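**Student:** quick one, fold the following:
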Amino acid sequence: MPEEKKTIEENKEDSNKVKSEDKKAEKEKKISPEEKIGELEDKLTRSFAELENQRRRFEKEKDEAFDYGGMVFARDALNLLDNLERSKQSINNDQNLDENAKKKIMDHIEIILNDTLTIFKKNNIVPIVSINEKLDPNKHQAMMEIEDNNKEPGTIVQEIQKGFMLKDRLLRPSLVGVSKKPQKTGEKEPKK
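**Tutor:** All right, here's what the predicted structure looks like:
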């Protein structure tokens, strides 16, 4: 008996499928060929627009990867410049070296430093100008405030670490000291 019920239910499902297919066929018959062509043209236009948008997006991603793909390497290479600068300072401050040896070493370090900066410049990595500029949070990171009567507050008076840009993107911010107005030491007398 249960097998007979299944076949009856299956027959009902099959008849429902046939009815729904008949309804679809009726709808398709009601659409004129011109409407169908218009509908297909619209679908085709949308598909072409989607393909064009995807092509543009891939082109932009490819260009950005080409232009900025070396950012991690460039950021790491900045350590080389930092170490060369530290070496210069260390040699200048070394009292045990005679002046002739100090001059030769400094000349060689300066050559290496200039060559490195030239290579960076060829690859669109340029230092950020900081001294005597207004603090720009997009390029500078203030590390300290220095009292200065001669400079307007917010002006960079000391560069702790040089910052760099890769084309129009920040590679590393400049670490700077910013001027501020000196505090007056005289305390005001309390009012009576």
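**Student:** for the most centrally placed residue in the chain, what are its contacts?
**Tutor:** The centroid of the chain falls nearest to R169 when counting by C-alpha atoms, centre = their mean (6.1 Å). Contact analysis of R169 by C-beta atoms under 8 Å, 6 or more residues apart in numbering lists 68, 71. For glycine as for every other residue, the C-beta is placed from the backbone atoms N, C-alpha and C.
**Student:** what pLDDT does it get?
**Tutor:** pLDDT, R169: 90.
**Student:** roughly how far does it sit from D76?
**Tutor:** 16 Å (C-beta to C-beta, to the nearest Å).
**Student:** give me the domain ranges for the protein.
**Tutor:** 2-65, 69-123, 125-182 (automatic domain parsing).
**Student:** looking at this, V157 is in a strand?
**Tutor:** Yes. Under DSSP: H, G, I helix; E, B strand; the rest coil, V157 sits within a strand.
**Student:** burial count for it?
**Tutor:** 19 (other C-beta atoms under 10 Å).
**Student:** excluding its backbone neighbours, what's nearest it?
**Tutor:** S179 (4.9 Å; C-beta to C-beta, 6 or more residues apart in numbering).
**Student:** against R169, how distant is the nearest residue to K139 once chain neighbours are set aside?
**Tutor:** Nearest non-adjacent residue to K139, counting by C-beta to C-beta, 6+ apart: I128, 5.1 Å away. According to C-beta to C-beta, I128 stands 12 Å off from R169.
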